[in-house]
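A.B. asks: Below is the sequence, then the predicted model.
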Amino acid sequence: KQKLELEYAKKQIQMSNETILSIARTVDAKDSNTSQHSYRVSEYSVAIAKRLGYSEEQCENLRKMALLHDIGKIGIPDAILNKPARLTDEEYEIMKGHVENSIGIIRYLPSLDYVIPVVISHHERWDGRGYPRGISKEDIPIGGRILCVADSFDAMTSKRSYKESFTLEYAIKELKNQAGKQFDPQLAEVFVRLLESGHIKLQVEQRDRGC
């Protein structure tokens, strides 16, 4: 009986992972500027977590958080999401609403409510100038701080409708420059070391807009 219960639990976890990946692909497909953005962010995030000594379970939880971090973009108008130019200030305010939208959607998935603190904080900044709550430093959940680094790196190194992709060298320079400002300095340093040592490989597809 115990063995059967274990097998059932494993199948449930697998179904959950497949469902989350499917949701992430749906979100990325809605935004014509992004392709596999959520997947890449999850890979970068888990690489950081492993270097920090996260357990396998913690890494998988973070992977789910990363895959769902942009789910709120489903509620953003296509005209804004797929605008082939930089957003106006008003449009950017609407785009920023994808974070709150994400929370509203995840609340309907009670088994995944543990991802909310990280999803809602992935656009917060170390210096407190982020959104939606303007919290800073260790007040930001560490998962959110990890996602901030990974998400920003992918935004820089991906081609968007309004810009070309930046080089790896440029992205590393920005990570260093923004350490202690946008990014948790320790996490930025960890990620840069992983990039410079080749432990993390740049993953890019030529169609990609993060926010």
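C.D. replies: Cool, got the structure.

A.B. asks: Any regions of the chain where pLDDT drops low?
C.D. replies: Within the chain, the stretches with pLDDT under 70 are 1-18, 22, 26-35, 161-162, 204-211.

A.B. asks: What segments of it are helices?
C.D. replies: Here the chain has its helices, by DSSP state H, at 2-30, 37-51, 56-67, 78-81, 89-96, 98-106, 116-119, 142-157, 168-178, 185-196.

A.B. asks: Can you say which of the ones you listed is nearest to residue 132?
C.D. replies: helix 98-106 (5.3 Å; CB to CB). The C-beta positions use only the backbone N, C-alpha and C, and glycine is treated the same way.

A.B. asks: got a list of what the nearest residue to residue 38 once chain neighbours are set aside touches?
C.D. replies: Among residues not flanking residue 38 along the chain, residue 24 sits closest, at 4.0 Å (CB to CB, 6 or more residues apart in numbering). Neighbouring residues of residue 24 by CB atoms under 8 Å, 6 or more residues apart in numbering: 38-39, 42, 67-68, 70-71.

A.B. asks: ok, residue 174 - how many residues close by?
C.D. replies: Residues near residue 174, counting by other CB atoms under 10 Å, number 17.

A.B. asks: looking at it, it is touching residue 149, isn't it?
C.D. replies: No. With contacts counted by CB atoms under 8 Å, residue 174 stays clear of residue 149, the gap being 10.8 Å.

A.B. asks: Out of the helices of the chain, which is closest to residue 125?
C.D. replies: Of those, nearest to residue 125 by CB to CB is helix 142-157, at 7.3 Å.

A.B. asks: Packing partners of the closest one?
C.D. replies: helix 37-51, helix 56-67, helix 116-119, helix 168-178, helix 185-196 (3 or more CB pairs under 8 Å, 6 or more residues apart in numbering; DSSP states H and E).

A.B. asks: Can you redo those as JSON lines, where the extra columns are distance to residue 95?
C.D. replies: Compiled in JSON lines, the helices and strands packed on helix 142-157 are given as follows (distance: least, CB to CB, whole Å):
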{"stretch": "helix 37-51", "distance to residue 95": "14"}
{"stretch": "helix 56-67", "distance to residue 95": "19"}
{"stretch": "helix 116-119", "distance to residue 95": "16"}
{"stretch": "helix 168-178", "distance to residue 95": "20"}
{"stretch": "helix 185-196", "distance to residue 95": "24"}
